[in-house]
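A.B. asks: Just a sequence and a predicted model for now, questions to come.
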Amino acid sequence: MKKLLVPLIASAAFISGAGMAIAQVTQTTTTTWTNEQGTMIREYSTVKKYAPVSDPALDVSVGATLPSNVTVYPLPETVKVVNPDRYSYVIVNDEPVIVERSSRRVIHTFKD
């Protein structure tokens with residue numbers, strides 16, 4: 001009985017560990033952006049003297065990809081979100097725009 005129980009317990013532990021690993025790989029985290037964060041980003045950009053972009057033709061809707069000639073900046077430390085290194089921002093036409101750093105895809109805009 002003991003000889004059968006030990007491999008059974010080991011197998012169960014292995015399978016549950018594999019299931020947890022799969023869950024970690026497929027788990028997604030959403031970040032909720034607040035207007036307060038938009039205000040913090042706008043103020044931080046002014047203090048740092050980062051150049052805003054003024055181009056009414058530039059598409060900054062969610063899902064759009066920013067052109068490579070648009071400079072994006074790291075989020076201020078005061079903006080607390082999950083995985084902050086994943087995101088950057090730029091001020092476009094007086095509005096903060098959050099982009100996914102790796103793809104430059106717009107994921108949030110702070111429209112007044």
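C.D. replies: The structure has been received and is ready for your questions. Numbering: from 1, shown residues only.
A.B. asks: Let me see the ranges of the strands in the chain.
C.D. replies: 73-74, 87-92, 95-100, 105-109 (DSSP state E).
A.B. asks: what distance separates the last one from the centre of its chain?
C.D. replies: Put plainly, it is strand 105-109. Put simply, strand 105-109 sits 9 Å off its chain's centre (CA atoms, centre = their mean, to the nearest Å).
A.B. asks: Quick check: the gap between residue 40 and residue 80.
C.D. replies: Residue 40 sits 10 Å away from residue 80, taking CB to CB, to the nearest Å as the criterion. C-beta coordinates here come from the backbone N, C-alpha and C atoms, glycine included.
A.B. asks: Specify which residue of these two has the higher count of neighbours.
C.D. replies: Neighbours were counted for residue 40 and for residue 80 using other CB atoms under 10 Å; residue 40 has more, 18 against 11.
A.B. asks: residue contacts, that one?
C.D. replies: By CB atoms under 8 Å, 6 or more residues apart in numbering, residue 40 lies in contact with 76, 78-79.
A.B. asks: Most neighbours out of those, which is it?
C.D. replies: residue 79 (20 neighbours).
A.B. asks: Turn the contacts of residue 40 into TSV, including pLDDT and distance to residue 50.
C.D. replies: Shown next, in TSV, are the contacts of residue 40 (pLDDT from 0 to 100; distance: CB to CB, whole Å):
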residue	pLDDT	distance to residue 50
76	93	11
78	89	15
79	90	14
